[in-house]
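Novice: Any chance you can model this:
(one chain, ligands or ions: 1)
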Amino acid sequence: MTSKQQSGSVQWQSPSNIALVKYWGKYGRQYPRNASISFTLSKAHTNTTLNWYPKQEAQAAICLNFTFEGQENEAFASKIVRFLDSILDEMPFLVDYDLQISSGNSFPHSSGIASSASSMSALALCLCEMEALLAGKAFQKNDPQLLQRASHIARLGSGSAARSVFPIAAIWGVHEAFEGSANDYAIPAGHLMAPIFHTFQDTILIVSKAEKEVSSRAGHALMEGNPFADLRYQQANENLVALMKAMKEGDLDQFISLVEAEALSLHALMMTSTPSYLLMRPNTLAIIEKIRAFRAATACPVCFTLDAGPNVHLLYPEKEKEQVQKWIVAELKDLCEEGYLIEDFVG
Ligand code: PMV
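Specialist: Prediction:
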């Protein structure tokens, strides 16, 4: 039987990631205006299964049956059909099959955690394995070529998803200081950092479970009119070099200073866009002040970063876990919506 006539099934789990140097601003077909780096997480992930069956009748359109957490979901399904349509130049074989995709997250959908990085990377990995199987290629899960291709396809769905296919950490966006870096796909970066960062903890403090006030698509678009945009892209590229030096040397003070500055820059960009957005909530600020006070009082190297929303990612070395988690329960948990938090870690 030729591979074209075969049915098949693949399954991938892929995690979310948290950027340390932020990607905010894009152009063309999801190309980043500056290079970024993120930690790959563990607990917040998406599981996706893709089944395919040869079509009975030729049809030049995507045929998809999609379920999210066991239920049909029209909104997600049409988003995925749009995405699959948009990559037909890359994967024309998709119209030859009836596709069945089922997906689910390890975290509640309405938890204020962006799921596009984990969901798009899990889907991209499934699509790339399908592509390899149809081409009759031997398939290895850690094949660098497969991961690069998956990172490229994930990027077309959601820019930051390009970074989720690599363990520990990934850099995305071309930068002269990082060999092999590219706008098309991310590259692994765990080997560029001291071991202390390979087991870093990220407690995600859910200040609000509400949907994001502004979608990242709209947020990126606002950068086009932002008066600070060019300076920002330059700053991010400089911060990346300084951060990677600090991470290579295990310099936690420098790490903390750069990571917090990056988070605040992202929010400052939203505050200076037209229209402007205040993405922090009062409890976001209260948590940030508590983090800084705790660090000053104990010298414990905890710091925060933020996504384009109100939730706080609290970052700290694994060896501080006991002390930090006691403090979280005592002082931070009550500032989270219904005390909700996710104890994640680099993975
Ligand atoms: O991948 P997008 O288009 O959802 O953009 C994500 C942007 C940030 O999460 C705010 C920053 C980043 O680099 O992940």
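Novice: From the chain's centroid, how far away is the one helix or strand residue 221 maps to?
Specialist: If you go by DSSP states H and E, residue 221 is part of helix 216-222. Here helix 216-222 is found 16 Å from its chain centre; the criterion is CA atoms, centre = their mean, to the nearest Å.
Novice: Check which element follows it along the chain.
Specialist: helix 229-249.
Novice: For that next one, report the contacting residues that lie outside it.
Specialist: Outside of helix 229-249, the residues that reach it under the criterion CB atoms under 8 Å, 6 or more residues apart in numbering are 20-22, 24-25, 33-37, 171, 175, 177-178, 189, 192-194, 197, 223, 226, 251-252, 254-255, 258-259, 261-262, 265, 269. For the C-beta atoms, the positions are set from N, CA and C on the backbone; glycine is no exception.
Novice: average pLDDT across that helix?
Specialist: The pLDDT scores in helix 229-249 average 98.
Novice: got the buried residues for it?
Specialist: 229, 232-233, 235-237, 239-240, 242-244, 246-247 (16 or more other CB atoms under 10 Å).
Novice: With stretch 167-175 instead?
Specialist: So for stretch 167-175, counting by 16+ other CB under 10 Å, buried means 167, 168, 169, 170, 171, 172, 173, 174, 175.
Novice: hang on, the earlier thing: help me see whether the helix holding residue 221 makes contact with the ligand, please.
Specialist: Yes. Shown here: helix 216-222 in contact with the ligand (CB under 6 Å from any ligand atom) through residue 216.
Novice: Can we start the residue count at 27 from this point?
Specialist: All right, first residue 27 from here; so that's helix 242-248.
Novice: same for that helix, what does it pack against?
Specialist: Helices and strands touching helix 242-248, by 3 or more CB pairs under 8 Å, 6 or more residues apart in numbering; DSSP states H and E, are helix 278-297.
Novice: which parts of whichever helix or strand comes after the helix it packs on are buried?
Specialist: Scanning forward in sequence from helix 278-297 by DSSP H and E, the next helix or strand is helix 308-324. With burial defined by 16+ other CB under 10 Å, the residues of helix 308-324 counted as buried are 309, 310, 312, 313, 314, 316, 317, 320, 321.
Novice: near the ligand, which residues of the stretch 27-176 of the chain?
Specialist: 45, 48, 49, 50, 62, 142.
Novice: Would you list the buried entries among these?
Specialist: For these, a neighbour count by 16+ other CB under 10 Å gives the buried set as 45, 48, 49, 50, 62, 142.
Novice: just to revisit the earlier point, let me know the closest of the buried residues of helix 308-324 to the ligand.
Specialist: residue 310 (14.4 Å; CB to the nearest ligand atom).
Novice: Not counting sequence-adjacent ones, nearest residue to that closest one?
Specialist: If the residues on either side of it in the chain are set aside, residue 310 comes closest to residue 336, at 4.7 Å by CB to CB, 6 or more residues apart in numbering.
Novice: Do I have it right that the one you found meets residue 234?
Specialist: Yes. With contacts counted by CB atoms under 8 Å, residue 336 reaches residue 234, the gap being 4.8 Å.
Novice: Tell me which of those two has more neighbours.
Specialist: Shown here are residue 336 and residue 234; by other CB atoms under 10 Å, residue 336 has more neighbours (26 against 20).
Novice: Give the helix, strand or coil label for that one.
Specialist: What DSSP: H, G, I helix; E, B strand; the rest coil gives for residue 336 is coil.
Novice: how much space between the closest residue to residue 59 other than its chain neighbours and residue 212?
Specialist: Leaving aside its sequence neighbours, residue 59 sits nearest to residue 51 (CB to CB, 6+ apart; 3.6 Å). Distance of residue 51 to residue 212, computed by CB to CB, to the nearest Å: 17 Å.
Novice: what do you get for residue 301?
Specialist: Taking CB to CB, one finds residue 301 at 31 Å from residue 212.
Novice: ok, these two, which is more surrounded?
Specialist: A direct count of neighbours by other CB under 10 Å for residue 301 and residue 212 places residue 212 higher, at 36 against 8.
Novice: May I have the phi/psi pair for the more buried one?
Specialist: phi -90, psi 170 (degrees, to the nearest 10).
Novice: beta partners for it?
Specialist: Assessed by DSSP bridges, residue 212 has beta-bridge partners residue 198.
Novice: Run the chain-centre distance for the top strand by length along the chain.
Specialist: Across the chain, the longest stretch assigned as strand under DSSP state E is strand 62-80. Here strand 62-80 is found 10 Å from its chain centre; the criterion is CA atoms, centre = their mean.
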